[in-house]
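>>> okay, structure incoming, though there's no sequence with it:
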């Protein structure tokens, strides 16, 4: 009996999934959020919040035949700390290289900025990419140092260049609470927080409700006399015929079981 009941449940779920896939998923009704009282905001950053960018470049050299960490560090600090024009520079750290005796050498390093000062020094995220986030601009910046340029050559090959920023969404989060949608540019300085309701939390024209950033939104799903949307996000479509079909299937399974039991009972060989 348990097996047949499971078959009935599977049939019901298949029908429900098929119905959902054929329905148009809309979103918050008319794009309005009357039940969301959590305001949009910037990231939960203050004057001492830092953001770290990790860069990887490839450098070739011929003389001297050993990579000089001191020369490289001086050029990097001069560029990122001044000539780049970005505000909030703190330090260059975690400089790591491949075999310094073999040219070319791959160098990875972290550049730390005070986040708010950095953000205020650029118009948009392109300002960061065009200053420290592309191979060509890093090459020009480092090779503008005379001592560095006399010895080393930075590759412009984009395949050998990597640039990434740490996540401030993970680091500082949102001031409203832990259940906010945090959006940021990892390779830039932009970032904001908003209710998940505003980024499609409820589908199929469900009303999204959120009064506090520390609580998950709740979806109030639309329904009428014969159709319903259910689920955490109103993602499951249910029509009246679905539960009816389910109970009919279960009833038929029970009937078959009873008939089978009666048949085998009446045809059971007599005991000797």
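That came through fine. Values in this document were obtained by computation on a predicted structure and should not be read as measured data.

>>> quickly find the element holding the closest residue to residue 85 other than its chain neighbours.
Using CB to CB, 6 or more residues apart in numbering and skipping residues adjacent in sequence, the residue nearest residue 85 is residue 131, 6.6 Å away. (Glycine included, C-beta is placed from N, CA and C.) Residue 131 belongs to helix 125-132 when assigned by DSSP states H and E.

>>> what does that helix contact?
Helix 125-132 has contacts (CB atoms under 8 Å, 6 or more residues apart in numbering) with 53, 55, 80, 84-86, 111, 118, 121-122, 137-138, 141, 163, 185, 187-190.

>>> so what's the gap between that helix and the chain middle?
Offset of helix 125-132 from its chain centre (CA atoms, centre = their mean, to the nearest Å): 22 Å.

>>> now do the helices in the stretch 51-200 of the chain.
69-78, 115-120, 125-132, 135-143, 146-149, 168-171 (DSSP state H, counting those that start in this stretch).

>>> which other helices and strands does the fourth one contact?
Meaning helix 135-143. If contacts are counted by 3 or more CB pairs under 8 Å, 6 or more residues apart in numbering; DSSP states H and E, helix 135-143 sits against strand 50-61, helix 125-132, helix 146-149, strand 152-154.

>>> so for the shortest one, mean pLDDT?
Throughout strand 152-154, pLDDT has a mean value of 91.

>>> can you tell me what sits against that strand?
Counting by CB under 8 Å, 6+ apart, 57-61, 71-72, 135, 138-139, 142-143 sit against strand 152-154.

>>> now residue 223. Nearest residue, chain neighbours left out?
Spatial nearest neighbour of residue 223, chain neighbours left out: residue 229 (6.6 Å); criterion: CB to CB, 6+ apart.

>>> can I assume that neighbour sits in a strand?
Yes. Under DSSP: H, G, I helix; E, B strand; the rest coil, residue 229 falls within a strand.
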